[in-house]
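> Provided below are the primary sequence and the corresponding predicted coordinates.
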Amino acid sequence: MKNTKIPIIYFIFFSIVVIGAFGAFLFFSLSKPRDYFTPIIKKTESAVRGNIKTQNFTLAKSEKIYFVYLNPVYINSDKKKLFTDLFSIYTGISKRVLLKKLKIKKRILLAKVDLRTKQQLVYLRKILDKYGVFISVNNIRRAYDIESVTKKNGKIVGLYKRLYPFKDTFEPFLGRYSRVYSRGENGIEEYYESILKPKANGFIKGFRDVSGNIVYDKSSSITYPVNGDDVVLNINLVLQKRIENLLDEYKKTYKANDVIAAVMDSKTGKIIAIASSNRYNPLDIKPKDIPHMQIGAIRHTFEPGSVMKPITFALLLEHNKVNPFEVLNAHNGKWKPKWRKKFITDDEKFDWLSAENAIVYSSNIVISQLALRLTNNELYYGLRKFGFAKKTGIDLPYELKGRTKSVRELYYPIFKSTTSYGYGIDVTFMQLLKAYNVFNNNGVAVTPKIVNVNSESKRVVKAIVANEMLRILRKVVLKGTGKEAYIKGIFTAGKTGTAHIYDYKKREYLNQYNSSFFGFANDSEHKYTIGVTLFDIKAPFPNYFASKSAVPLFKKIVIIMQDEKLLRKIDE
């Protein structure tokens, strides 16, 4: 009997050899060598972040960065000196550093350059290739590559740097670009991230020469990058800078922790200047600057003091609960009602005051008596209509709401009283600015906007009430606590507020103060709402009073606006 197993074994063995040989043939035919020089390549051209600018100046812009890669094995050893000499001249990188990098026998990042240098290096690459600097290795000859993108966490990221030509100007409201997270951080940079961020990278595809250049012919294709959109601010940069310089001076003089000021177009809600004395350079942040990155105008809540009195009075007028000319007992500056353990006091002593003069001379006693006429709902929902305990909607991130007393708490006369003159509640600077603007805009609130976008509006009180409040606040400047704000030929009005700072840890009020003045500067064509607050004043008596600090600051801002032709004198 014949053995049939041996032919079968031979057949299987022969089949394996043939299949293996065929597989090897396919592998070596289709696979590319390790350093295979692909004749057709696709290069990515990065898109960049949009600019932040005013009508005449650019506050934040992007500049492309290019990475230059090279594998030193493609450098002719006899031409290494020529390469380092010329590359050093074009890039400014020292020859010593270049020679050290060229010792590494793998593809390396040789340099980071700007657009101008990149263009020069493209020209240099042709010169170096002409002089035989680049050699063939395994029949492959390559020069250096210039790329405008890199990979980060598995994603293609455009290479560019963010520039801030005016350093700390308009900070912290401008914010900054974080290279770590590849996005805006704080301020306008973060709030408008979706608009500013690059939209889509571009691509160039085509045949490549040995020097690394794409050959532009009919077979090549180009898709241009789509950059982020620009954002245009309402800010008047000259006014902004002059106010910032003024705030720096006041911070030092009054030993304040921070000084904030803002100017808003009363009709449109456009913020034409908003400044803080606590600023930082986004390209050179030091440890002491970290607290300054927080935007105090929307993040710092505080008890506002007497600047709340006009809000209370407006609600009284709106509900027909007060006659401005009725006379009330001012108790000679010291009053202890049965529902309080301590006296309510006034800085100025009066036996009797008209209701409107409670605003003009800032009487806690009279405004307390008037506030008790409001129902809990009238006061609570009235404050909310003015925008308290709510975000203003300004185009800045991380805005706080603050807080007011609840409807239930307002059943107690003491809470209704203290709320009426600005204690026991927390507000932000921006809430006060928006609320006061109602009086200078016929009773209509507008959403403050830093960027040139549409603002929302909503009626808060009747026009007749707003105009009556404007008349009373004008009287504050003519006869009351804001007399230093008077400027001949300009309609100025407003209200002072000096508030003790409460220490929540010690549960007591300190001998430190926040001083504010919120008001208006109008001429025949323009209406502006202006707010200033000096936080944590440590200056001695009587300089911490708003009449001695915030009011003169307000006046100087109005004078600057006159100087910049934003206001013109009118006949009185």
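In hand now; what should we look at? Residues are numbered from 1 along each chain as shown.

> what's the spacing between L247 and R279?
From L247 across to R279, the span is 9 Å (CB to CB, to the nearest Å). The C-beta positions use only the backbone N, C-alpha and C, and glycine is treated the same way.

> more neighbours: which of those two?
L247 (24 against 21; other CB atoms under 10 Å).

> was I right to think that one contacts Y254?
No - with contacts counted by CB atoms under 8 Å, L247 stays clear of Y254, the gap being 10.6 Å.

> what distance do you get for the closest residue to N186 other than its chain neighbours to Y421?
In this structure, N186 finds its nearest non-sequential neighbour in G175, 3.9 Å apart by CB to CB, 6 or more residues apart in numbering. Separation of G175 from Y421 (CB to CB): 36 Å.

> all strands of the stretch 351-500 of the chain, in order?
352-354, 444-446, 457-459, 491-503 (DSSP state E, counting those that start in this stretch).

> got phi/psi on L239?
phi -60, psi -40 (degrees, to the nearest 10).

> what residues are up against it?
When contacts are counted by CB atoms under 8 Å, 6 or more residues apart in numbering, L239 touches V263, I272, A273, I560, M561, E564, L566.

> give me the neighbour count for the last one.
Pointing back at L566 there. When neighbours are counted by other CB under 10 Å, L566 registers 20.

> how about the residue most central in space within the chain: what's its closest non-neighbour residue?
Central residue of the chain (CA atoms, centre = their mean): G187, 1.6 Å from the mean position. The spatially closest residue to G187, leaving aside those adjacent along the chain, is G175, at 2.5 Å (CB to CB, 6+ apart).

> I figured R176 was touching R162, is that so?
Yes - taking contacts as CB under 8 Å, R176 lies within contact range of R162: 7.3 Å.

> the two: who's more crowded?
Comparing R176 with R162 by other CB under 10 Å, the one with more neighbours is R176, at 22 against 19.

> F415 is in contact with G424, isn't it?
Yes - using CB under 8 Å, F415 is in contact with G424, at 6.1 Å.

> so between the two, which is more surrounded?
F415 (21 against 18).

> and the helices in the stretch 151-300 of the chain?
187-191, 193-196, 237-253, 296-299 (DSSP state H, counting those that start in this stretch).

> list the helices and strands the first one packs on?
Contact analysis of helix 187-191 by 3 or more CB pairs under 8 Å, 6 or more residues apart in numbering; DSSP states H and E lists strand 176-178, strand 183-185 as its packing neighbours.

> so where's the stretch 101-250 of the chain uncertain?
Across the stretch 101-250 of the chain, the ranges flagged by pLDDT under 70 are 208-220.

> please apply the same query to the stretch 451-572 of the chain.
Flagging of the stretch 451-572 of the chain using pLDDT under 70 yields the residue ranges 571-572.

> tell me where it has helices.
Using DSSP H, counting those that start in this stretch, helices in the stretch 451-572 of the chain cover 463-479, 550-563.

> phi, psi of W339?
According to degrees, to the nearest 10, W339 has phi -90, psi 10.

> close enough to count as contact, the residue nearest to the centre of the chain and P397?
Yes - counting by CB under 8 Å, P397 is a contact partner of G187 at 7.4 Å.

> give me every residue that touches K483.
Contacts for K483 (CB under 8 Å, 6+ apart) come out as V477, S547, V551.

> and if you look at F313?
Each residue near F313 by CB under 8 Å, 6+ apart is listed here: V322, A355, E356, A358, I359, I367, L370, M469, I472.

> got JSON lines for those residues, with neighbour count and distance to L128 too?
Output for these, formatted as JSON lines (neighbours: other CB atoms under 10 Å; distance: CB to CB, whole Å):
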{"residue": "V322", "neighbour count": "22", "distance to L128": "86"}
{"residue": "A355", "neighbour count": "23", "distance to L128": "87"}
{"residue": "E356", "neighbour count": "23", "distance to L128": "84"}
{"residue": "A358", "neighbour count": "29", "distance to L128": "83"}
{"residue": "I359", "neighbour count": "27", "distance to L128": "79"}
{"residue": "I367", "neighbour count": "27", "distance to L128": "82"}
{"residue": "L370", "neighbour count": "23", "distance to L128": "85"}
{"residue": "M469", "neighbour count": "26", "distance to L128": "76"}
{"residue": "I472", "neighbour count": "23", "distance to L128": "79"}
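
> what is the nearest of the residues you listed to K197?
Checking those against K197 by CB to CB gives M469 as the nearest, at 43.5 Å.

> tell me the spacing between R107 and I140.
13 Å.

> just M430 next, same as before
Taken as CB to CB, the span from M430 to I140 is 63 Å.

> who has more neighbours, those two?
More crowded of M430 and I140, by other CB under 10 Å: M430, with 29 against 15.

> per-residue pLDDT, the more buried one?
pLDDT, M430: 98.

> give the contact list for it.
Listed by CB under 8 Å, 6+ apart, the contact partners of M430 are A262, A297, I298, T392, I394, E399, P448.

> can you map out the strands along the stretch 201-350 of the chain?
Shown for the stretch 201-350 of the chain, the strands assigned by DSSP E, counting those that start in this stretch span residues 202-207, 221-223, 231-232, 258-265, 271-276, 327-329, 334-335, 344-345.

> and of these, who's closest to K385?
With CB to CB, the closest approach to K385 among these belongs to strand 258-265: 18.8 Å.
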